[in-house]
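Q: Have a look at this fold, sequence not included:
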């Protein structure tokens, strides 16, 4: 059994050809349960499984790179592209995951982990300083209030706005998503 901690994802780019994206998998900010995780305390071996909504029966790809920064763990991940040999259920799941991430319907990332060292935080929650990173999931509603895709680059149909940036016959458009807290 392992715990889940929900963190900020900042998707910086999405590559439609390789079904890949980059983002932030974990930050040191408290989540809604008041837990914090030290990104530099992660122990892992790449590739890390990428799951759909924390369902171990629903793998969708892998975390290919993970880099520690002061703001968290920057990752690049790829979703497996469907092939003709795959059963319809797997093909459908992969297509749903990719379309949901690319369109901004699914904006969060969540780490699945086993805590190794922790202590209670003043005011509630746990401060986790060392942990084994078991999986990363694309999730719809992360517990961390900051958890949202903030910017995404995607290849779109020609853009009617002035001064478009051409890319292989299409236009790259930067789209911003904001999660509103009520």
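A: Happy to help now that I have it. Predicted model only: the values in this text are computed from it and were never measured.
Q: switch to C-alpha atoms for all contacts and neighbour counts from now on
A: Noted.
Q: so what pLDDT did residue 144 get?
A: Looking at residue 144, its pLDDT is 59.
Q: Check the one 4 residues further on too.
A: At residue 148, the model reports a pLDDT of 48.
Q: quick one: low-confidence ranges for this structure?
A: Filtered on pLDDT under 70, the chain yields the residue ranges 1-16, 143-182.
Q: Check for me that residue 124 belongs to a strand.
A: No - assigned with DSSP: H, G, I helix; E, B strand; the rest coil, residue 124 falls outside any strand and is coil.
Q: And the helices in this protein?
A: 88-103 (DSSP state H).
Q: now residue 114: how far from residue 88?
A: 33 Å (CA to CA, to the nearest Å).
Q: For these two, indicate the residue with more neighbours.
A: residue 114 (18 against 12; other CA atoms under 10 Å).
Q: Hmm, residue 129 and that one touching each other?
A: No - counting by CA atoms under 8 Å, residue 114 does not reach residue 129; the two are 11.3 Å apart.
Q: what's the overlap in contacts for those two?
A: Overlap of the contact sets of residue 114 and residue 129 (by CA atoms under 8 Å, 6 or more residues apart in numbering) is empty.
Q: Which residues does residue 79 form beta bridges with?
A: residue 61 (DSSP bridges).
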